[in-house]
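S.K.: Quick one: sequence and predicted model below, then my questions.
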Amino acid sequence: MTPTGTTPYPFHRFPYQAAMDPADEEFRRELRAFLAEHPAPGFDRRQDLAGSLRAALAWHGLLADRGFPIPACPAEYGGARRSVAMQLIQAEEMAAAGADFSVNIVGISMVTPLLLALGTPEQRRRWIPPVVRGRELWCQLFSEPGAGSDLFGLRTTGTPGGSADGPVLRLNGQKIWSSTAAEADRGLMLARTEPGSRGRHGISCLIVDMAAPGITVRPIRQMNGGAEFAEVFFDDAPVPVGNVVGRLHDGAGAALRVLAAERSGLSMGYYALLAAQFGQLLAAVPPALLRRHLDTVTDLWAALAAQRLGAIRQASDADRGGRDGAPDLAVAAAGKIGVGTLASRIAHLRHELLGPRLTAHGPGDDFAAQMADRFTGALALSLGGGTHQIQRNAIADGLLRLPR
């Protein structure tokens, strides 16, 4: 089974297109030409995750060299300020070209905005440029075996100590479900640094070198054969006090900022990814079969258009600074629910249109294999980055102001 036509670009049929000015469309043409001349490397999450990550990072560096850096950050850190329209265009065009935007999503969508908001000038100069240039891979070290949904129930500790290089925090504890931790150069981490503290109090947000002594990373083998997740153990691992982002013992606000930035990034990036997948799926199916599912296809197109407008709103709020410059956690949660629901709905459409081909296809049928992989991974968006139940709690608390 192969697509019946070329990969479509459905984005120009969505609302908001008329609001783009000639400079935006010129940016789209230039980026599309670059992507055609310099296609993104293939990505194999199961057999060669480490090699795929490094190849993708090098390609991100090429993007930056040619004037298309992914993080929206000042030129002094190697980036470029992008209008919301340009951010949208880059997400859409990369998704349509098959470029995996989620590579280094921690560095791009979480660490960079966090450092721009709360980091010291030295921290920004030290850690943002390698993200922009694709030289360092980041992971997130938030979840623990007993503190996943309850993020502030974490037990990993950071105890003040000394070393030959100056004051440090000695880390002890465990993190789990950390994507690409086995390959990452650095990690963004939460630890309880004030003895006896509970809940949001006494937590610090800090940056760790994943090669530091006392850090052990164990990949977690998944049902599909991949090992993208890992558990990370800390045994008196030293972290310089200068790696604390924001104020010591006051990292809860930084953590919430990171979560909102993560979910906002997921909203635009995954909208573009799902829209591209939707177009590819329709191009692979005979028109007569599509007509039998016209109502479902039309509903999904409308849902994608609405998600696009929601992503534009979120990015516009962030571009204006939002409340105290932080993304709105409740609005970000709504966007996260939107992309997770859309992923599931498109998976059901794949099943309706492709049937047994999703699980029984020939060894040379790469397109069917890709569709099957997307089908089996569709539920990931409703779990990773906080389950839909957690997102609804954020909406009830932050947007609707419901009593607990």
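M.R.: Good, I have the coordinates. Residues are numbered from 1 along each chain as shown.

S.K.: going forward, measure contacts and count neighbours with C-alpha atoms only.
M.R.: OK.

S.K.: What separation do you get for Arg401 and Arg392?
M.R.: In this view, Arg401 and Arg392 are 12 Å apart by C-alpha to C-alpha, to the nearest Å.

S.K.: Looking at the two, which one has more neighbours?
M.R.: Using other C-alpha atoms under 10 Å, the more surrounded residue of Arg401 and Arg392 is Arg392, with 16 against 10.

S.K.: What ranges does the chain have for its strands?
M.R.: Counting by DSSP state E, the chain has strands at residues 138-141, 157-163, 166-175, 186-192, 203-209, 215-220, 229-240.

S.K.: Check the gap between Pro71 and Ala80 for me.
M.R.: With C-alpha to C-alpha as the criterion, Pro71 and Ala80 are 8 Å apart.

S.K.: Those two: which has the busier surroundings?
M.R.: Neighbour tally, Pro71 and Ala80, criterion other C-alpha under 10 Å: the higher count belongs to Pro71, 25 against 18.

S.K.: Correct me if wrong: that one contacts Ile108.
M.R.: Yes: if you go by C-alpha atoms under 8 Å, Pro71 and Ile108 touch, sitting 5.4 Å apart.

S.K.: can you list residues touching both of the two?
M.R.: Both Pro71 and Ile108 are contacted by Val132, under the criterion C-alpha atoms under 8 Å, 6 or more residues apart in numbering.

S.K.: among the strands of the chain, which gets the worst mean confidence?
M.R.: When the strands of the chain are compared by mean pLDDT, strand 157-163 comes last with a mean of 87.

S.K.: name the helices or strands packed onto it?
M.R.: Contacts defined by 3 or more C-alpha pairs under 8 Å, 6 or more residues apart in numbering; DSSP states H and E place strand 157-163 against strand 166-175, strand 186-192.

S.K.: Would you mind finding the most buried of those?
M.R.: Among the helices and strands packed on strand 157-163, strand 186-192 has the highest mean neighbour count (mean count of other C-alpha atoms under 10 Å), at a mean of 24.

S.K.: between it and strand 166-175, how big is the angle?
M.R.: Interaxial angle, strand 186-192 versus strand 166-175 (axes from the mean of the first three to the mean of the last three C-alpha atoms, to 10 degrees): 90 degrees.

S.K.: Nearest to Val208, out of the helices and strands packed on strand 157-163?
M.R.: Closest approach to Val208 among the helices and strands packed on strand 157-163 (C-alpha to C-alpha): strand 186-192, 5.2 Å.

S.K.: quick check: angle from the closest one to strand 157-163?
M.R.: Using the same axes, to 10 degrees: strand 186-192 against strand 157-163 is 110 degrees.

S.K.: what does strand 186-192 rub up against?
M.R.: Contacts of strand 186-192 (C-alpha under 8 Å, 6+ apart): 111, 136-142, 154-158, 171, 181, 202-210, 249, 251, 255.

S.K.: mind running it again at 6 Å?
M.R.: Outside strand 186-192, the residues that touch it by C-alpha atoms under 6 Å, 6 or more residues apart in numbering are 138-142, 156-158, 202-210.

S.K.: And stretch 123-142, by the same measure?
M.R.: 57-58, 60-61, 77-78, 104, 106-107, 112, 115, 178, 181, 184-190.

S.K.: one more time with 7 Å, if that's ok
M.R.: The contact list for stretch 123-142 (C-alpha atoms under 7 Å, 6 or more residues apart in numbering) reads 57-58, 60-61, 64, 69-71, 77-79, 104, 106-108, 112, 115-116, 175, 178-181, 184-190.

S.K.: do stretch 95-108 as well
M.R.: The list of residues contacting stretch 95-108 from outside it, by C-alpha under 7 Å, 6+ apart, reads 9, 35, 40, 53, 56, 71, 131, 137-140, 269, 272-273, 276.

S.K.: 6 Å - rerun?
M.R.: Contacts for stretch 95-108 (C-alpha under 6 Å, 6+ apart): Ala40, Pro71, Val131, Leu137, Trp138, Cys139, Ala272, Leu273, Ala276.

S.K.: How far does it sit from its chain's centre?
M.R.: 8 Å (C-alpha atoms, centre = their mean, to the nearest Å).

S.K.: buried stuff in it?
M.R.: Within stretch 95-108, the residues scored as buried using 16 or more other C-alpha atoms under 10 Å are 95-101, 103-108.

S.K.: for stretch 388-395, same thing?
M.R.: Under the neighbour-count criterion of 16+ other C-alpha under 10 Å, stretch 388-395 has His388, Ile390, Gln391, Arg392, Asn393, Ala394, Ile395 buried.

S.K.: which residues does the nearest residue to Glu231 once chain neighbours are set aside contact?
M.R.: Among residues not flanking Glu231 along the chain, Ile176 sits closest, at 4.1 Å (C-alpha to C-alpha, 6 or more residues apart in numbering). Ile176 is in contact with Ser143, Glu144, Glu231, counting by C-alpha under 6 Å, 6+ apart.

S.K.: And the pLDDT for the residue lying closest to Thr296 once chain neighbours are set aside?
M.R.: Sequence neighbours aside, Leu349 is the residue nearest to Thr296 in space, at 7.7 Å (criterion: C-alpha to C-alpha, 6+ apart). With respect to pLDDT, Leu349 scores 89.

S.K.: Distance check, Leu349 against Arg82.
M.R.: Counting by C-alpha to C-alpha, the gap from Leu349 to Arg82 is 34 Å.

S.K.: which helix is the longest one in the protein?
M.R.: Ordering each helix of the chain by length in residues (DSSP state H) puts helix 252-283 first.

S.K.: What is that helix packed up against?
M.R.: Judged by 3 or more C-alpha pairs under 6 Å, 6 or more residues apart in numbering; DSSP states H and E, the packing partners of helix 252-283 are helix 84-96, helix 329-354.

S.K.: Chain neighbours aside, what residue packs nearest to Val168?
M.R.: Nearest one to Val168, counting by C-alpha to C-alpha, 6+ apart, is Pro240 at 4.2 Å.

S.K.: swap that for Cys73, sorry
M.R.: Nearest residue to Cys73, sequence neighbours excluded (C-alpha to C-alpha, 6+ apart): Gly79, at 5.0 Å.
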